[in-house]
Each structure stands twice: as structure tokens, then as C-alpha cells.
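K.L.:
sequence first, predicted model second:
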Amino acid sequence: MRVVPGAGGGVGMGVRAGASRAAGAGAGAGIAAASSGAGALAPSPAGSAWLALLRVSALFSVPGDLLAGAAAAGYGPGPRTLLAAGSSLCLYEAGMALNDWADRDTDAVERPERPLPSGRITPAAALGAAAGLTAAGLTLARAAGRPSLVTATALAATVWAYDLRLKNTPAGPLAMACARTLDVLQGAASAVPARRSGRGPGPGQGQGEGRGVGRALAKALPSAALVGTHTLAVTTVSRREAQGSSPALPLAAWGVMAVVSGVAGGAGTKAAVATARLADATPKAAAALYAGAVARPFFHAALNPSPYLLQRAVGSGIRALIPLQAALTARAGAPRTGAALLALMPAARRLSRKVSPT
């Protein structure tokens, strides 16, 4: 959808560029280029400018939210889940475009190489893209069913509120965490099978589906809360990446993520425990990868909480969402889906060297 946090992230569903510049965007063009490869994106063709604006390398952190939510609810991904995933991807990118539109004056001073201040993309085009992607996201959510549309509408509202109003307030990190939490719940809502009856739709049928969605959301809430907690920790650090911070901030975030790792790699559902060794090994392996992905950069940031190292820690925190989602998915009884999510990590790492996720 950003914490990312976004959601956000990117689109308000996870820690993303907007979150990472909430306290004042990069530490300057030089640091931004050094930490994220932004210098490699200086004047380039229009396509590259849009890739930079939308921060496409962060998109790898989105599908896992919905797969983790569906697995936690006790369902496998189906056609409606795919539609909901498309909705979340659109909303995530809408948040990216809206973030740069909202930050265009700040970026003109602190990150002049970004697509808007450099003139490669006009503010009107960025705002139009944000509106169009939001509309596309809601349209896909509608096709996925009413529960998905309700969740996606709440997610879109969170994204726009964050970028336009909440980003630079104390509520900013919480808004990002809420966005990522909603994205996981979107996966649960979309996975509930539609109720069909030979007698046609009726009040009882709608109530039955509503109860099914309610149960799915309740079952997915613990996983959603863990993803939201991770996003809250990373977004809080990102608010100081322009100025630097005390060692306590990245150290506290690292401690929070250590707890998240322990919970995510713990014993899963009865169904998960009952399925062979893969179900037991995958969540532990994925949780270990998650812990390893954040340990070194956040430890270095605690030793030297400079803007450069804080920015590197934030970028690692965004990519670490993938093994966290894999651990939660496997823990809920879908180890093969969790293992497939882990395959996204190398691609996300390679693309992030060309297009910064922050």
C-alpha cells in the first residue's frame, strides 16, 4: 500500500520515502546519493524518472502483507487475493507519488536531484499519478469484494492523511504502522470465499459472509500487529535520518525488532505444527533472516547515529519486511508460500541498488 506503513512505506503501508523524510527528507543531495544511489538517477530518461519517483524497488515488500494476512486467516490466496494485491500495489505507488508532491519544496533544497525539483516530472503529473493510482487501487479492491473495498478505502484514507497532514506530526509513525496493519488485514478480508447460494443473495447470506470476514480479521490481527510494530520502529528512526540521533533511538528500534523476530519465529498454528519439517523450519529460518537483515545496520547506526548510517538502517528495515512476512506466512501454516516470498529478497536487494526505496 510503507513501515513501510507502509502503508505508505510507500503507500502508507510501510516505511517509505515519505516516512524516511518525515522530519526533513534526506540529509542533503550528497548524503542521499551516497546512501541510496540517487546520484545514479540524476538526469535520465522519463522512464527512469518515474521509476525513481515511485521507488519501485520497495514494491517487493507489498505482496507479502496480503499473503501473510490470508495465511493467518486460514486461507490460501485466490483470485480475490490477487485483485486485492493489485489494489495494494496501486495504493502503495499512489503514496509514493503523493509523498514527493507534498515534499516538493523541501526536496528542492535538500534533494534537488529528485524527479520533481529536477524538472523531470511536473508536480501536476505527480499529483495526477497519485489520484489515478488511488482510483485504480479502489477499483481493483471493489472487484475483489466489498470487504476488500472497505479495507482499501481505509488504507487509501490513511495514505493521503499521512502524506498531506500527519507526516511531520507525532502521529506520523503511528499512521504508517496503521497503514501496514491494514494491508495485512486486506489479505485476510480478500481471502474469505464469497458466499453463494442457489436461492440467490439474501440478508442471511450477507450476514454469514460478514461473520466470516470478521473471524478472518480477528485471526489475522496478531500477524498484522507484528508487521505494524516493525513499521512503527523503522519509521520512528527514519524521522531522525536527516539530522542524526542519539544511539538510543536505533538501539531501541533494534530491540523492538528482536522481539518481533522471536514472536514471528515461534510456534505456529496447530495446522502448521502438524505439517512436516518444512512447516517448523521455514518460520524459524525466515525469522532468522529477518533478524539478520536488521541487526548489522541498526547496530552500526547505534554505534554512529549519523544521517548516512541511519538512512542505511531505514533502507534495510524496508527490505526486512520480506523475511518477516515469510516467517508469519509459514508460521500460519503456509510454509511453501513463505519460502516463495524469501525468493523476492535477492531481487529487492539488487533493484534497491539502482532505485532507492527511501
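P.N.:
All right, it came through fine.

K.L.:
please enumerate the helices of the stretch 251-358 of the chain.
P.N.:
270-274, 276-303, 307-319, 321-331, 335-342, 344-352 (DSSP state H, counting those that start in this stretch).

K.L.:
quick check: which of the ones you listed is nearest to Ala73?
P.N.:
With C-beta to C-beta as the measure, helix 321-331 is the member of the helices of the stretch 251-358 of the chain nearest Ala73 (11.3 Å). No exception for glycine: its C-beta is placed from N, CA and C like everyone else's.

K.L.:
so how far is the closest one from its chain's centroid?
P.N.:
13 Å (C-alpha atoms, centre = their mean, to the nearest Å).

K.L.:
quick check: angle from that helix to helix 276-303?
P.N.:
For helix 321-331 against helix 276-303, the angle by axes from the mean of the first three to the mean of the last three C-alpha atoms, to 10 degrees is 150 degrees.

K.L.:
in helix 321-331, which residues are buried?
P.N.:
Going by neighbour count (16 or more other C-beta atoms under 10 Å), the buried part of helix 321-331 is Leu321, Ile322, Pro323, Leu324, Gln325, Ala326, Ala327, Leu328, Thr329, Ala330, Arg331.

K.L.:
which strands and helices sit next to the helix or strand harbouring Ala94?
P.N.:
If you go by DSSP states H and E, Ala94 is part of helix 79-102. When contacts are defined as 3 or more C-beta pairs under 8 Å, 6 or more residues apart in numbering; DSSP states H and E, helix 79-102 packs onto helix 17-20, helix 46-54, helix 63-73, helix 123-144, helix 146-161, helix 172-191.

K.L.:
return the most buried member of those helices.
P.N.:
With neighbours taken as mean count of other C-beta atoms under 10 Å, those reach their highest mean count in helix 17-20, at a mean of 35.

K.L.:
ok, back up a step: could you identify which of the helices of the stretch 251-358 of the chain is most buried?
P.N.:
Most buried of the helices of the stretch 251-358 of the chain, by mean neighbour count (mean count of other C-beta under 10 Å): helix 321-331, with a mean of 32.

K.L.:
as TSV, the buried residues of helix 321-331 with pLDDT and distance to Glu241 would be great.
P.N.:
Shown next, in TSV, are the buried residues of helix 321-331 (pLDDT from 0 to 100; distance: C-beta to C-beta, whole Å):
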residue	pLDDT	distance to Glu241
Leu321	97	18
Ile322	97	21
Pro323	97	22
Leu324	98	21
Gln325	98	24
Ala326	97	26
Ala327	96	26
Leu328	97	27
Thr329	96	30
Ala330	94	32
Arg331	92	31
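
K.L.:
quick check, nearest of those to Gly255?
P.N.:
For the buried residues of helix 321-331, the nearest to Gly255 is Leu324 (15.7 Å; C-beta to C-beta).

K.L.:
closest to Pro346 out of the helices and strands packed on helix 79-102?
P.N.:
Pro346 lies closest, by C-beta to C-beta, to one member of those: helix 63-73, at 14.7 Å.
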